[in-house]
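**Q** Got a sequence here, can you build the structure:
(4 chains)
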Number of protein chains: 2
Amino acid sequence: MPSDEVQPSIRLSPMQVPKASDVLATELRERILSGEYPEGTPLPPERELVVQTHMSRTTVREALRILEVQGLIRIKAGRSGGAFVQHPGEDSVADSLELLIRGRQIRLTSVHETREAIEPSCARLAAHNRLPADLRRLEAANEAIAASENLDGFLEANVDWHVAVASASHNEILTGIMIALSRAIYTATRTEGFVNEEVRAITVRAHRSVTRAIRERDADAAVRRMARHVHAYAEAALEVDDRTAITVPDDRSD
Amino acid sequence: MPSDEVQPSIRLSPMQVPKASDVLATELRERILSGEYPEGTPLPPERELVVQTHMSRTTVREALRILEVQGLIRIKAGRSGGAFVQHPGEDSVADSLELLIRGRQIRLTSVHETREAIEPSCARLAAHNRLPADLRRLEAANEAIAASENLDGFLEANVDWHVAVASASHNEILTGIMIALSRAIYTATRTEGFVNEEVRAITVRAHRSVTRAIRERDADAAVRRMARHVHAYAEAALEVDDRTAITVPDDRSD
DNA sequence: TGCTAAGTTAGGTCAGACCATTAGGTGGCA
DNA sequence: TGCCACCTAATGGTCTGACCTAACTTAGCA
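**A** Alright, predicted model coming up:
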């Protein structure tokens, strides 16, 4: 083929060829995110998608797997099973933040910094937006903390209370972030054991005063008290374990 | 088989049978998160994993797909391709936050609330931790804003500056969150068009003053100015478009 | 009526083949 | 010698078709 003949002006830029499974996943994702399908809507069975898309079942399954990991569908086996639309919740954000924290071996300091940034705002919004159910949840968590007998019980109730505050803000983004941060601090603190009787008493007192401010819709007090509480907690935790990366105990047996 | 004979005391509780692909994905995930493999370490080829695990290639591939979506590996095709370990970055958090925001049709108000919670803290930390490279990036974004000629250019440079502040905090969690929030606000604002010459001038001035505080390591001023700036921006944006959900233009053609 | 067994429909796994992409080697030509 | 075109091999991507497993439905029997 002679290369010096005059070329017509057809010029193409380098093109990216997407994978078939990604194409299908993207199509379904856009449809789900558009809100076109309400929560729980069943997607067609895999074999039906095969005939509709002219793709192989392998490809269809990979696409569904992608959406499942992204929290956009939930897959159930068995008859009358299948893929059901699911709008992503706080959990999926929490999961990916957890991967970031663990995978990057992020210093506990960063987690506490983020918490100090977020929790006072959660308290402010909670004071504005709390409903009766939110207050009940806060009280319940407080009582669980006071009644807790071992470290695990204390930490779990503690996490519950902080998540309840975020949840009372009725801001799903902040709630998702707080769930993730709480999980990270939980696993970190559990191995430290700086929690003693005094820490618990102080915690209960601080929580009660923040809860009171939220109940009385006193936003400024809620912010102030929450900021002080979180800051104190962070300092105490860092005192015990300065600049330590978050690691997870390796319990594999091989 | 007679059913009334004395049964020996072997009692089992209902068991959950995990999927094979999940088992493999979990195993690999734990190994990667443990930090055992440095970034870029190649995983064995799919067919090698098949012989090692005694699983089918389908199953192995599903496991790899899960890890890819979670941002823990990067998969390249072709000779000397394969799956390479990748520690999750800010992007994966941003992606999942984006899914939450879009999928739940979260009100723009919530995004702005979260931003008001986070950005002042970013500014504070940036004032403490900023390096020369961070300052250069901030200056560059500021200049791009001043020089921008159309709406898109302005918004992109604006996002760059805000992300640069977060990045200067050297806190990867906050950075990831800010990337996601910025993206959401970007797509929302792009269709609104409340940006005019006056808004741009005000923005440039506000950014300059925050940048100055960060350069001079004046944490208090950085927090104060950033808080004022973000609050003003949020109010202005909400004034134009009160209680609107974030939607994405539907550009499908079928 | 009430329980059991078979049937039906869905996802989960497997085996094997072939296609597509890309890095690296190899030989010919200037 | 040095460069370019071609070929090869390694690896992920896709397809086909089969079978297994889970769970609901229904028919049939006691």
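
**Q** Tell me how far the most centrally placed residue in chain A lies from B:Arg115.
**A** Central residue of chain A (Cα atoms, centre = their mean): A:Ala94, 1.6 Å from the mean position. A:Ala94 sits 19 Å away from B:Arg115, taking Cβ to Cβ, to the nearest Å as the criterion. In this view, the C-beta of every residue, glycine as well, is placed from N, C-alpha and C.

**Q** for the residue of the stretch 51-200 of chain A found nearest DNA strand D, phi and psi?
**A** Closest to DNA strand D within the stretch 51-200 of chain A is A:Gly78: 2.4 Å, counting by Cβ to the nearest atom of the strand. Torsion angles at A:Gly78 (phi, psi; degrees, to the nearest 10) stand at phi 90, psi 170.

**Q** Would you check how far apart it and B:Ile73 are?
**A** Per Cβ to Cβ, A:Gly78 is found 31 Å from B:Ile73.

**Q** Please, where are all the strands along the stretch 1-150 of chain A?
**A** Taking DSSP state E, counting those that start in this stretch as the criterion, the stretch 1-150 of chain A carries its strands at A:73-76, A:82-85.

**Q** Adjacent strands (with direction) for the first one?
**A** Here strand A:73-76 is paired, per DSSP bridges, with strand A:82-85 (antiparallel).

**Q** what about the partner strand and DNA strand C, touching?
**A** Yes: Strand A:82-85 reaches DNA strand C (Cβ under 7 Å from any atom of the strand) through A:Gly82, A:Ala83.

**Q** Show me the shaky parts of the stretch 1-150 of chain A.
**A** Counting by pLDDT under 70, the stretch 1-150 of chain A shows low-confidence ranges at A:1-15.

**Q** give me that answer again for 50
**A** A:1-8 (pLDDT under 50).

**Q** near DNA strand D, which residues of it show up?
**A** So far as Cβ under 7 Å from any atom of the strand goes, the stretch 1-150 of chain A lies against DNA strand D at A:19-21, A:54-59, A:62, A:77-81.

**Q** From those, list the buried ones, please.
**A** A:Ala20, A:Ser21, A:Met55, A:Thr58, A:Thr59, A:Glu62 (16 or more other Cβ atoms under 10 Å in any protein chain shown).

**Q** and DNA strand C, which of those residues contact it?
**A** A:Thr58.

**Q** among the buried ones among the residues of the stretch 1-150 of chain A next to DNA strand D, which are in helices?
**A** Using DSSP state H, the members of these that fall within helices are A:Ala20, A:Ser21, A:Thr58, A:Thr59, A:Glu62.

**Q** List just the nearest of these to chain B.
**A** A:Glu62 (5.7 Å; Cβ to the nearest Cβ).

**Q** mind listing what the residue found closest to the closest one once you drop the neighbours it is linked to in the chain touches?
**A** With sequence-adjacent residues excluded and distances taken as Cβ to Cβ, 6 or more residues apart in numbering or on different chains, A:Glu62 is closest to A:Ser21, at 3.8 Å. By Cβ atoms under 8 Å, 6 or more residues apart in numbering or on different chains, the residues touching A:Ser21 are A:Thr59, A:Val60, A:Glu62, A:Ala63, A:Ile66.

**Q** One more: A:Asn158?
**A** Here A:Asn158 is in contact with A:Ala141, A:Ile145, A:Thr203 (Cβ under 8 Å, 6+ apart).

**Q** For the closest residue to A:Ala141 other than its chain neighbours, give me its contacts.
**A** Counting by Cβ to Cβ, 6+ apart, A:Ala141 lies nearest to A:Trp161, which is 3.7 Å off, once chain neighbours are set aside. Applying Cβ under 8 Å, 6+ apart to A:Trp161 gives the contacts A:Leu138, A:Ala141, A:Asn142, A:Ile145, A:His207.
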